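J.: here is the input, now give the coordinates:
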Amino acid sequence: MELHQLAYFEAVGRHLHFTRAAQELNVAQPSVSQQIRKLEAELGTPLFHRMKRRVELTEAGRLLLPRARAVLREIAEGRMEVQELQALQRGTLRVGATPSVGAHVFPDALAAFRRRYPGIALVFREGGSPSLVQRLVEGELDLAVVIGPIRHPALETTPLLEERLLLAVPPGHPLAGGGEVRLEALRDTPFVMLREGVYDLRDRTLAACRQAGFEPHVALDGGEMDSVLRFVAAGLGVAILPQTVLDGRPQGAQPAPLGIPLADPRLRRSLVIARRRDRTFSGAARAFAGLLRQEVEAGRAGD
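T.: Model (predicted):
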């Protein structure tokens, strides 16, 4: 049983006339008759009473007609939905980001995407890079912005942004007015640390301090990104944070922390767009990745 045979059968069943059905289908009438005979042969029963001046459905034809219409309707709706999906008129886009990226890079990109493609539902998941990588591998996300490099056989990545990590200090701090700061000069300086297991920057901070020959003095441990910004501004300690976060910090009543460049080593981090290499990169995912790059480029131009 082929789809075009059902279409021919439905048209004849609606018109009860082979010639009118053929005209509607824009095919030759003998072709319609031939395909319906093939369908009847496959089913083993006539579908029409072919009388001299009219056509009527047999009992089998009356039974098949609503089912044929349901199949044709489902196919038509499926075709329309696929076309709308390709035209970015419907569907779901599932994206993820680390907390710093989610708070400071994603909002404008997501808002721009929503304005352009209002028919596409958005799902956002925030977490540390290991958690996001696992979600990508398990197929829960279409793409995620994570800290590179990522080496996983199921994933492929494209660069998004490379940025400096800066020393965040409160306004009026003795280091605020100078130039680059060497990490070893922070041996006795209290640090505010990000939460363990979520923020790659925590491990980067500890490793950099140890490489500089000291264990950081932790004044406060376990903060979220926005909390750490406020803790630093309040004078609880210093922190190593991405330039994106310090540039995009919200303005409020409390003075904002200042970013001081670090020297020897100059700490940097790479943000990459990661996705499964064996899954089709949908039009929606490609469009959002493009908006992310535009947002990053706009940020660079502003800097």
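
J.: helices of the chain, start to end?
T.: 3-15, 18-25, 29-43, 59-86, 99-104, 106-116, 129-137, 200-211, 225-233, 243-247, 283-302 (DSSP state H).

J.: same for the longest one, what does it pack against?
T.: In other words, helix 59-86. Contacts defined by 3 or more Cβ pairs under 8 Å, 6 or more residues apart in numbering; DSSP states H and E place helix 59-86 against helix 3-15. To be clear about C-beta, it is placed using only N, CA and C from the backbone, and glycine gets the same treatment.

J.: where does the stretch 101-250 of the chain dip in pLDDT?
T.: The model of the stretch 101-250 of the chain has pLDDT under 70 over residues 248-250.

J.: from the centre of the protein, point out the most distant residue.
T.: K52 (62.2 Å; Cα atoms, centre = their mean).

J.: from one end of stretch 38-48 to the other, what's the distance?
T.: End-to-end distance for stretch 38-48, by Cα to Cα, to the nearest Å: 13 Å.

J.: quick one: buried residues of that stretch?
T.: Buried residues in stretch 38-48, counted by 16 or more other Cβ atoms under 10 Å: 39-40, 46-48.

J.: same question, stretch 23-39
T.: 25, 27, 32-33, 35-36, 39.

J.: closest to L175 among those residues?
T.: L25 (80.2 Å; Cβ to Cβ).

J.: give the contact list for that closest one.
T.: 7-8, 11, 32 (Cβ atoms under 8 Å, 6 or more residues apart in numbering).

J.: which among the residues you listed gets closest to F124?
T.: Once Cβ to Cβ is applied, the member of the contacts of L25 that ends up nearest F124 is A7, at 42.5 Å.

J.: do you know how far that closest one is from A233?
T.: 69 Å (Cβ to Cβ, to the nearest Å).

J.: so what does the longest strand seen in the chain touch, helix or strand wise?
T.: The residue-count maximum for a strand in the chain (DSSP state E) belongs to strand 155-169. Strand 155-169 makes packing contacts with helix 129-137, strand 143-148, helix 225-233, strand 239-242, helix 243-247, strand 258-263, strand 268-276, helix 283-302 when contacts are defined by 3+ Cβ pairs under 8 Å, 6+ apart.

J.: partners of it, with directions?
T.: strand 239-242 (antiparallel), strand 258-263 (antiparallel), strand 268-276 (antiparallel) (DSSP bridges).

J.: from the ones you listed, which stretch is densest packed?
T.: Highest mean neighbour count among the strands paired with strand 155-169 (mean count of other Cβ atoms under 10 Å): strand 239-242, with a mean of 26.

J.: what sits up against it?
T.: 100, 163-168, 191-194, 201, 204-205, 208, 225, 228-229, 231-232, 257, 259, 262, 267, 269.

J.: in the sheet, who's paired with E162?
T.: S270.

J.: tabulate the helices of the chain (CSV), appending distance to H217.
T.: Shown next, in CSV, are the helices of the chain (distance: least, Cβ to Cβ, whole Å):
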stretch, distance to H217
helix 3-15, 73
helix 18-25, 82
helix 29-43, 82
helix 59-86, 54
helix 99-104, 24
helix 106-116, 33
helix 129-137, 27
helix 200-211, 10
helix 225-233, 15
helix 243-247, 22
helix 283-302, 33
